[in-house]
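Participant: Kindly generate the corresponding structure for this input.
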Amino acid sequence: NHVRAFDTEDYDVAVAPSGSCVASVKHQHALVARRCGDAALEARAAVVGAKTYELSQLLTDVLGVTNAAEQLGSHFPHKVTYHPSCHGMRLLRLGDRQLDLLRSVGGIELVELPEAEQCCGFGGTFAMKNADVSSAMMADKAANICGTGAELCSGGDASCLMHIGGGLSRQGSDVGTLHFAEILASTLEEPASVNGGVLLAGGVR
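Facilitator: Numbers count the residues shown, from 1 in each chain. Sure thing, here's the model as predicted:
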């Protein structure tokens, strides 16, 4: 279905603000087609995957954005820590693209997250099939986030941020979560508003 929808020459690139979704399109779609013995679908899936970018990839690698404050007008005067998602790190090999963009946002105070590369414990069905392990991983992640003194935890996958935000909320923490795209979109003229750790404009708790 995805290949059928995107197998067209009507666009140059497709972009998604989700490392896990883009990793699926770029790596898993062709793999599934190959394992099903459909070489034609595998080839079409590979073409679609090659045209699909995670947001930070598009901004840095295609559009040449290296300074969010200067080039995008990004301004976010808050203390933020950053969680890199597993799919972004391991399948897409995003490196520090998201983090570098956040570092270049005007007014931001970005603090390092201890054990940042440790999984938050979500992983889709993993969190349901292995609830106790997932909860323990979430507890470790929440403790590290709270230890930074940050108002918000940012990242590049809404699924991870939903899981982290839910864990923090259940602990009674005032720390919220916010996708890095929301921070890039925040400007002096149209700021994302934060009050007591709760994001008021477009964020996730």
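
Participant: Now stretch 89-101: buried residues?
Facilitator: By neighbour count on 16 or more other CB atoms under 10 Å, the buried set for stretch 89-101 is 89, 91-92, 94, 97-99, 101. Backbone N, C-alpha and C define where each C-beta goes, glycine included.

Participant: Can you say which two of the residues you listed are spatially most distant?
Facilitator: Taking CB to CB as the measure, those reach their widest spread between Leu91 and Leu101, a distance of 19.4 Å.

Participant: Select from the buried residues of stretch 89-101 every entry located in helices.
Facilitator: 97-99, 101 (DSSP state H).

Participant: Nearest the geometric middle of the protein, what residue?
Facilitator: If you average the C-alpha coordinates of the chain and look for the closest C-alpha using CA atoms, centre = their mean, you land on Gly156, 1.0 Å from that point.

Participant: Can you read off the pLDDT for that residue?
Facilitator: With respect to pLDDT, Gly156 has a value of 92.

Participant: list the contacts for it?
Facilitator: Listed by CB atoms under 8 Å, 6 or more residues apart in numbering, the contact set of Gly156 reads 17-19, 54-56, 84-85, 88, 94, 98, 179-180.

Participant: Let me have these in TSV, adding secondary structure and pLDDT as columns.
Facilitator: Compiled in TSV, the contacts of Gly156 are given as follows (DSSP: H, G, I helix; E, B strand; the rest coil; pLDDT from 0 to 100):
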residue	secondary structure	pLDDT
Pro17	coil	89
Ser18	coil	88
Gly19	helix	85
Glu54	strand	93
Leu55	helix	94
Ser56	helix	94
Pro84	coil	91
Ser85	coil	87
Gly88	helix	82
Leu94	coil	85
Gln98	helix	93
His179	strand	94
Phe180	helix	95
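
Participant: Sort out which one of these lies nearest Gln71 for me.
Facilitator: Relative to Gln71, the closest of the contacts of Gly156 is Ser56; by CB to CB it sits at 13.5 Å.

Participant: Tell me where this structure has strands.
Facilitator: Here the chain has its strands, by DSSP state E, at 14-16, 52-54, 79-83, 109-111, 152-155, 176-179, 194-195, 198-199.

Participant: Give me the buried positions along the fourth one.
Facilitator: Taking 16+ other CB under 10 Å as the neighbour-count basis, strand 109-111 is seen to contain the buried residues Leu110.

Participant: Just name the shakiest helix or strand of this protein by mean pLDDT.
Facilitator: Considering only helices and strands, the least confidently modelled element of the chain by mean pLDDT, DSSP states H and E is strand 198-199, at a mean of 44.

Participant: ok, which stretches of the chain are helices?
Facilitator: With DSSP H as the criterion, the chain has helices at 2-6, 19-23, 29-35, 39-50, 55-57, 68-72, 86, 97-103, 126-129, 131-147, 158-170, 180-185.

Participant: Perfect, I'm done here.
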